[in-house]
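Engineer: Take this sequence and fold it.
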Amino acid sequence: MDAKGYKIIKGIIQDATFIEANIGKTRYRKEKIAKKNGEEIIYSEKQKEHIDKDGTFSVKRGQVHYGYKNHVKSDTDFLLIREYEVTTASLHDGEIDLSDKDEVAYRDRGYTGKETKAKGNASMKRGKLTIKQKLRNFRISKKRAPGERPFGVIKCVFNGEHTNVKTIERVSIKEMFKCFGYNLYQLVTLERIKLARAI
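Structural biologist: Numbering: from 1, shown residues only. Okay, here's the model as predicted:
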């Protein structure tokens, strides 16, 4: 990407999205009842192969999610994914820092108070804010809003909102191919824009 002239210039956007996994509602309900009664359910090896081993729960804006999170770093100039990391859904966004020391990192309110390796910490603030802080948040939100595009393409165009694999290692590999596919999609878009401007 660098060789094609798509180097990071102005900064990076870091954000995360949920990857929904299948909890197996019937099994989960039976396990809850068994635990309440002090009983243990024993599964065969074949049954264990179909049980998600690493997914966890998370609640955001009153909505319950089960599965994993994909933490993504994209650049503000071309919206290409530069790095990613997959974790379980319960891990807080701010625990992952994908920035490098020579970058400016634009991040949402979920990263408030979290340290970063980036030379410029452009994380939005939350809480009781002054007018100056509100204006700063507004400027950052305009910079980081396009960072939702990779997630939109992966989920809406590639139907990549869910995963059917059962371990974090396998989910990570699937997400790598989704990120790679998105970058090819975005590169085609960027090349078309170049051609349109040349005409």
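Engineer: Tabulate the CA atom coordinates of the top strand by length along the chain in CSV.
Structural biologist: Assignment by DSSP state E gives strand 63-75 as the longest strand of the chain. Coordinates of the C-alpha atoms in strand 63-75 are reproduced here as CSV (Å, rounded to 0.1, in the frame of the first residue of the first chain):
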residue,chain,number,x,y,z
GLN,A,63,-28.0,-4.5,24.3
VAL,A,64,-26.4,-7.8,25.2
HIS,A,65,-23.7,-9.2,22.9
TYR,A,66,-22.0,-12.6,23.0
GLY,A,67,-18.8,-13.4,21.1
TYR,A,68,-15.8,-11.4,20.2
LYS,A,69,-14.5,-8.0,19.3
ASN,A,70,-12.4,-6.9,16.3
HIS,A,71,-10.2,-3.9,17.2
VAL,A,72,-9.1,-2.1,14.0
LYS,A,73,-6.7,0.7,13.2
SER,A,74,-7.4,2.5,9.9
ASP,A,75,-5.8,5.6,8.5
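Engineer: Now do the helix or strand following it: distance to the chain's middle.
Structural biologist: Moving toward the C-terminus from strand 63-75, the first helix or strand encountered (DSSP states H and E) is strand 81-88. Computed by CA atoms, centre = their mean, to the nearest Å, the chain-centroid distance of strand 81-88 equals 6 Å.
Engineer: before we move on, what about stretch 126-136?
Structural biologist: The chain centroid and the centroid of stretch 126-136 are separated by 26 Å, computed with CA atoms, centre = their mean.
Engineer: Counting neighbours, which bits of stretch 39-54 end up buried?
Structural biologist: The neighbour-count check on stretch 39-54 (16 or more other CB atoms under 10 Å) flags 52, 54 as buried. From N, CA and C alone the C-beta is placed, and that goes for glycine too.
Engineer: same check, this time on stretch 84-94
Structural biologist: Under 16+ other CB under 10 Å, the buried positions of stretch 84-94 are 84, 85, 86, 87, 88, 89, 91, 93, 94.
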